[in-house]
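> What follows is a predicted structure for the sequence shown.
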Number of protein chains: 2
Amino acid sequence: MVHADASNFAANITKEEAYQQVLDQAEGLFYEQRNWVCNLSNCAALLWHAFKSLPAPSNQVNWAGFYTLNHPSSTELILGPFQGKVACQTIAFGRGVCGAAASTKTTQLVPDVDAFPGHIACDGDSKSEIVVPIVVDDKVVAIIDVDCAELNGFDEVDQVWLEKLAGLVGRSCDWP
Amino acid sequence: MVHADASNFAANITKEEAYQQVLDQAEGLFYEQRNWVCNLSNCAALLWHAFKSLPAPSNQVNWAGFYTLNHPSSTELILGPFQGKVACQTIAFGRGVCGAAASTKTTQLVPDVDAFPGHIACDGDSKSEIVVPIVVDDKVVAIIDVDCAELNGFDEVDQVWLEKLAGLVGRSCDWP
């Protein structure tokens, strides 16, 4: 199988099936490869193409990727690999949806970003967002961030599977 | 201006105008930000959306991104930030189009990848490719790689502008 096929998703699969393929393919791609930039880059591609294969609102996802800890700072995130439009470079812990996930180490499931205190508008098209922290040895090393151009773009299914993915990514990479 | 607007390209601009916007926006995004992962991630987004705004064959680009030197190896590339489908993780210098650009430190403009000796098919849809080395202090630190799903997807205009971009990226980042 050529690598690109990992991000080809069949039509008419459920969201759970799409996420299962993301996890299976990610696990395969991470086998004997622990470089975090390489792995997050391929993982963003998997997520993006999974969302695009699903019906609305999932196919209205307009950004999918990662922020990582901005060493030597322990309270700032910096942009990592993603798919979508140009994004904000750095985000302080506690600021906006990404910063809240990083500072609280808990998933932020936000049906309407404009109602979220301190939301950072990297893209005015984004209407809803889910951010899942990647925690290793009780420290946030990165976050998964997905934006949707529709309100209520994400639900508990997204949360459960993205948290599984965060666990896999966290233990599969050597973090700086 | 929100960050995403950097990757919004007007309709009916020329390829030269699109590349000029990529360079201008990249220079702005790199201002006071030398993190290579952050900068390559945003740069891949700029390139992808530039190509998508243009007529064929440019809008048939199906992969745009970077490979970097896979430290501590000095003869292997590893996948960096990109936009498109899942890609090969590592490429030896000298192998395929990317490896040729890295080992020779010269741009590879390939109208038909199937005619290129040792071409690595990460995606069977890719028909043509351009790879531009990013050289700093006479060493290859990374390459820009763009694939197109049409034959003859790139020409000397792409080469000239991607080489300008490679120069800007090379001097704007702190490389590992």
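Good, I have the coordinates. None of these values were measured; they are calculated from a predicted model. Residues are numbered from 1 along each chain as shown, chains lettered A, B, ... in the order given.

> does the most centrally placed residue in chain A sit in a helix, a strand or a coil?
What sits nearest the mean C-alpha location of chain A, by C-alpha atoms, centre = their mean, is residue A:144, with 2.8 Å. At residue A:144 the chain is in strand, as set by DSSP: H, G, I helix; E, B strand; the rest coil.

> Secondary structure element for the residue nearest to it when sequence neighbours are not counted, which one?
Take residue A:144 and drop its neighbours on the chain: the residue closest to it by C-beta to C-beta, 6 or more residues apart in numbering or on different chains is residue A:132, 4.5 Å away. For every residue, glycine as well, the C-beta is placed using N, CA and C. Assessed by DSSP states H and E, residue A:132 sits inside strand A:128-136.

> tell me which strands and helices that strand is in contact with?
helix A:96-104, strand A:108-110, strand A:139-148, helix A:156-172 (3 or more C-beta pairs under 8 Å, 6 or more residues apart in numbering or on different chains; DSSP states H and E).

> Compare those and report which one is nearest to residue A:37.
Nearest of the helices and strands packed on strand A:128-136 to residue A:37, taken as C-beta to C-beta: strand A:139-148 at 11.1 Å.

> Name the nearest residue to residue A:50, sequence neighbours excluded.
Nearest to residue A:50 is residue A:18, by C-beta to C-beta, 6+ apart, at 4.3 Å.

> how about the helix or strand containing the one you found: buried residues?
Under the criterion of DSSP H and E, residue A:18 resides in helix A:15-30. The neighbour-count check on helix A:15-30 (16 or more other C-beta atoms under 10 Å in any protein chain shown) flags A:15, A:18, A:19, A:21, A:22, A:23, A:25, A:26, A:29, A:30 as buried.

> try stretch A:86-100
Buried residues in stretch A:86-100, counted by 16+ other C-beta under 10 Å: A:86-89, A:91-93, A:95-100.

> Now distance to residue B:137 and pLDDT too, for those, in CSV please.
Below are the buried residues of stretch A:86-100 laid out as CSV (distance: C-beta to C-beta, whole Å; pLDDT from 0 to 100):
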residue, distance to residue B:137, pLDDT
A:86, 28, 97
A:87, 30, 97
A:88, 31, 95
A:89, 25, 97
A:91, 32, 97
A:92, 34, 96
A:93, 36, 97
A:95, 37, 95
A:96, 38, 95
A:97, 40, 97
A:98, 35, 97
A:99, 37, 97
A:100, 41, 97
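
> Columns distance to residue A:64 on top of those, output as JSON lines?
Listed next are the buried residues of stretch A:86-100 as JSON lines, based on distance: C-beta to C-beta, whole Å:
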{"residue": "A:86", "distance to residue A:64": "14"}
{"residue": "A:87", "distance to residue A:64": "11"}
{"residue": "A:88", "distance to residue A:64": "15"}
{"residue": "A:89", "distance to residue A:64": "17"}
{"residue": "A:91", "distance to residue A:64": "16"}
{"residue": "A:92", "distance to residue A:64": "22"}
{"residue": "A:93", "distance to residue A:64": "21"}
{"residue": "A:95", "distance to residue A:64": "20"}
{"residue": "A:96", "distance to residue A:64": "17"}
{"residue": "A:97", "distance to residue A:64": "14"}
{"residue": "A:98", "distance to residue A:64": "13"}
{"residue": "A:99", "distance to residue A:64": "18"}
{"residue": "A:100", "distance to residue A:64": "19"}
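
> Residue B:70: which of these is nearest?
residue A:89 (24.6 Å).

> For the closest one, give me its contacts.
Contact partners of residue A:89, counting by C-beta atoms under 8 Å, 6 or more residues apart in numbering or on different chains, are A:78, A:79, B:3, B:29, B:33, B:35, B:38, B:42.

> Narrow those residues to those in strands?
A:78, A:79 (DSSP state E).

> neighbour-wise, which of the contacts of residue A:89 leads?
residue A:79 (30 neighbours; other C-beta atoms under 10 Å in any protein chain shown).

> What score does the closest residue to it other than its chain neighbours have for pLDDT?
Nearest residue to residue A:79, sequence neighbours excluded (C-beta to C-beta, 6+ apart): residue B:38, at 4.3 Å. For residue B:38, the pLDDT comes out at 98.

> Now do the same contact list for residue A:112.
A:127, A:128, A:151, A:152.

> Switch the residues you listed over to CSV; also include pLDDT, neighbour count and distance to residue A:160.
Putting the contacts of residue A:112 into CSV (pLDDT from 0 to 100; neighbours: other C-beta atoms under 10 Å in any protein chain shown; distance: C-beta to C-beta, whole Å) gives the following:
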residue, pLDDT, neighbour count, distance to residue A:160
A:127, 96, 21, 22
A:128, 98, 24, 17
A:151, 98, 15, 21
A:152, 98, 13, 17
